[in-house]
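Undergrad: sequence first, then the predicted structure:
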Amino acid sequence: MFPQRLDAPQAYAIAQALMHGFNLHYRMFSAEAARAKHRFESMDWQGQQRAQRERIAFYDLQVRACIQRLEEEFEASQQSMAVWQQVKLHYIGLMVDHLQPELAETFFNSVTTKILHRTHFHNDFIFVRAAVSTEYLENTEPGAIPTYRAYYPGSREHLEDTLQTLFEQLQLACPFEDLARDVHLLADRMRHKLASLTLRPNFQIQVLSSLFYRNKGAYLVGKIITGYTELPLAIPILHGSRGQLILHAALFGEDDLHALFSFARAYFMVHMDVPSAYVSFLHRLMPRKPPTEIYNALGLAKQGKTLFYRDFLHHLRHSSDQLRIAPGIKGLVMLVFDLPSFPYVFKLIKDRIASSKEITRSQVKDKYQLVKRHDRGGRMADTLEYSLVAFPRSRFSSELLAELQAHAPEQIEISDRDGDGQEEVIISHLYIERRLVPLNLFLMECLAEADTKPERRAAMEKAIVEYGNAIKDLVATNIFPGDMLWKNFGVTRGGKVVFYDYDEIEYLTDCNFRDVPLPRNEEEEMSGDIWYPVGPRDVFPETFGPFLLGHPAVRDIFMRHHADLLEADFWRSHQNRIRDGQMLDVFPYERSHFLHAGETGLATQT
């Protein structure tokens, strides 16, 4: 219940300190995004990746700093609940006309749940639902940059002039290699896309004002509008081999933008006064992508977590199916469950990891943090990490509850917290990922019908080729997946193969890739055991085959496309390339989207 009057003198000061802490955080976040432009212009690729990693820690650092200030100045943890109710009301007042109110709410929750030691989200002292609307929010200060700009070609014939103006107004501090050439190629692609459409009086191109920076690329994102038709659009801008800028590709439609903003890729850096306006614009382009994933893609993962949990609670209220053990082979490290009607899986580390796995709980957490900070190259699923998550006990299948009690008893608590007879299962630590079809199950289904259904054989071949491509994309970003069994990879809705089991992941450069030594005598040659010494980081790629390629059809496809993965020289050559400071390009789009007929060559290192 809210207080009837605001009479606690310290409540407003606490609210102000909380808002100051959030504002400081967002200034740091925005400043790093603004510096991404300079790093792109100066081709500081290593600096760009380092900034992307370091920015992830900004939020937690500022939460801790704010907690320390509140304890030192106000003895915050000793304040009564009546005071904290007033703090929340004052804070709501401070969010009126704020440009990032939804992020400020999440910051308030992060700080207060740690101070008050709240274990769940449903109470009077945090924001369970949004208190301030972000609809139509815009920065109206004099000189403020609008969220998006609109350009009006008038006709297909004037596209070149309009696009020339658009790219010149980006004011990038390095020249284009040949902007007129690239604009002509881009305009041709646009005309082809617009050929079947009647141009209406509202024919226009809208683009978000800030570029989206990630690794070696800058992306212009927007849409083409004519009548009631809206065509999503993204243009990657890269440095050519001579260091000058080129328009590298043209992406059109929702599917292309889904690939660009994939949950398996690193977060963008983009300067936004009003992040909710950017999310709203992007959600119009990708209505199938939930706002939680868009916030994540923009580097605002804490807000993504807040929205995800609200979505999950809403889904629980409007569904009745039960949580179950997730389909597929059970893991030795993680216990995985899902809700069939909800497109995510829940993963927790077992209390006792199988003895065959030489890894601790702390090391598993470190592996997941590595993936969070690293460039995922479109091949590693992003995760949301939660503590003390409450689920209704009635939604658990008996098999799942027994599994939890058998393998993670130290991490679960069954409680009737509210005393209303409605028990909850509280899990102390949890990872949440997008649900994918396990690749081993996908291949089994294809193999069962491959002889009678050509389309299933084609799907199997595509998945096996994608599996090898996934490993090679990980290698390009300095990642060795460790356990490369099919069960540790999944197939997305678009047919992309993504890695999701991280307990054996390593930096490629930390591994020692070796050829299997030749036997020195007949006894060694006939031995069924490994007779040569093996170090803790030794890897023998030629031994992958027996574990991966038992089925003749699978082996045939794999060897035609990816036989080099079974050779130590392949892995060592990429180690040398990485140690020389070269970053390979892992594009979030196919070659068919390139604007230039042949690859012009791109800048590869600082």
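TA: All right, it came through fine.

Undergrad: hey, which helix or strand in the chain has the poorest pLDDT?
TA: Lowest on mean pLDDT, DSSP states H and E among the helices and strands of the chain sits helix 522-526, with a mean of 68.

Undergrad: touching the next helix-or-strand element following that helix from outside, list them.
TA: Using DSSP states H and E, the helix or strand that directly follows helix 522-526 along the chain is strand 538-539. Applying Cβ atoms under 8 Å, 6 or more residues apart in numbering, the contact partners of strand 538-539 are Phe480, Cys511, Asn512, Phe513, Arg514, Ala568, Trp571. In this view, the C-beta of every residue, glycine as well, is placed from N, C-alpha and C.

Undergrad: Leu384: which of the residues you listed is nearest?
TA: Nearest to Leu384 out of the contacts of strand 538-539 is Phe480 (Cβ to Cβ; 24.6 Å).

Undergrad: quick check: phi and psi on that closest one?
TA: phi -110, psi 120 (degrees, to the nearest 10).

Undergrad: Val498 now?
TA: phi -130, psi 140.

Undergrad: so where is the stretch 451-600 of the chain shaky, pLDDT-wise?
TA: For the stretch 451-600 of the chain, residues meeting the criterion pLDDT under 70 lie at 524-526, 528, 598-600.

Undergrad: show me the contacts of strand 538-539 that map onto strands.
TA: Among the contacts of strand 538-539, the subset assigned to strands under DSSP state E consists of Phe480, Asn512, Phe513.

Undergrad: just the buried ones from the residues you listed?
TA: By neighbour count, with 16 or more other Cβ atoms under 10 Å, the ones in strands among the contacts of strand 538-539 hold Phe480, Phe513 as buried.

Undergrad: which positions in stretch 377-385 come out as buried?
TA: So stretch 377-385, judged by 16+ other Cβ under 10 Å, has buried residues Gly377, Gly378, Arg379, Met380, Ala381, Asp382, Thr383, Leu384.

Undergrad: could those residues go into a markdown table alongside secondary structure?
TA: Shown next, in a markdown table, are the buried residues of stretch 377-385 (DSSP: H, G, I helix; E, B strand; the rest coil):
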| residue | secondary structure |
| --- | --- |
| Gly377 | coil |
| Gly378 | coil |
| Arg379 | coil |
| Met380 | strand |
| Ala381 | coil |
| Asp382 | coil |
| Thr383 | coil |
| Leu384 | strand |
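
Undergrad: just give me the closest of these to Leu251.
TA: Gly378 (13.9 Å).

Undergrad: quick revisit: next, format the contacts of strand 538-539 as a markdown table and append distance to Ile359.
TA: Compiled in a markdown table, those are given as follows (distance: Cβ to Cβ, whole Å):
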| residue | distance to Ile359 |
| --- | --- |
| Phe480 | 15 |
| Cys511 | 16 |
| Asn512 | 19 |
| Phe513 | 21 |
| Arg514 | 22 |
| Ala568 | 24 |
| Trp571 | 22 |
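
Undergrad: and the two most separated of the residues you listed?
TA: Phe480 and Arg514 (13.4 Å).

Undergrad: ranges for the strands of the stretch 451-600 of the chain?
TA: With DSSP state E, counting those that start in this stretch as the criterion, the stretch 451-600 of the chain has strands at 479-480, 489-491, 497-499, 506-507, 512-513, 538-539.

Undergrad: how about JSON lines for those strands, with distance to Val437 added?
TA: Output for those, formatted as JSON lines (distance: least, Cβ to Cβ, whole Å):
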{"stretch": "strand 479-480", "distance to Val437": "22"}
{"stretch": "strand 489-491", "distance to Val437": "5"}
{"stretch": "strand 497-499", "distance to Val437": "10"}
{"stretch": "strand 506-507", "distance to Val437": "26"}
{"stretch": "strand 512-513", "distance to Val437": "30"}
{"stretch": "strand 538-539", "distance to Val437": "28"}
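
Undergrad: quick one: closest of these to Arg560.
TA: When these are ranked by proximity to Arg560 (Cβ to Cβ), strand 497-499 comes first, at 16.9 Å.

Undergrad: quick one, what contacts Ile359?
TA: Contact analysis of Ile359 by Cβ under 8 Å, 6+ apart lists Val333, Ile353, Asp503, Glu504.

Undergrad: ok, 6 Å please
TA: Contacts for Ile359 were tallied using Cβ atoms under 6 Å, 6 or more residues apart in numbering; they are Asp503.
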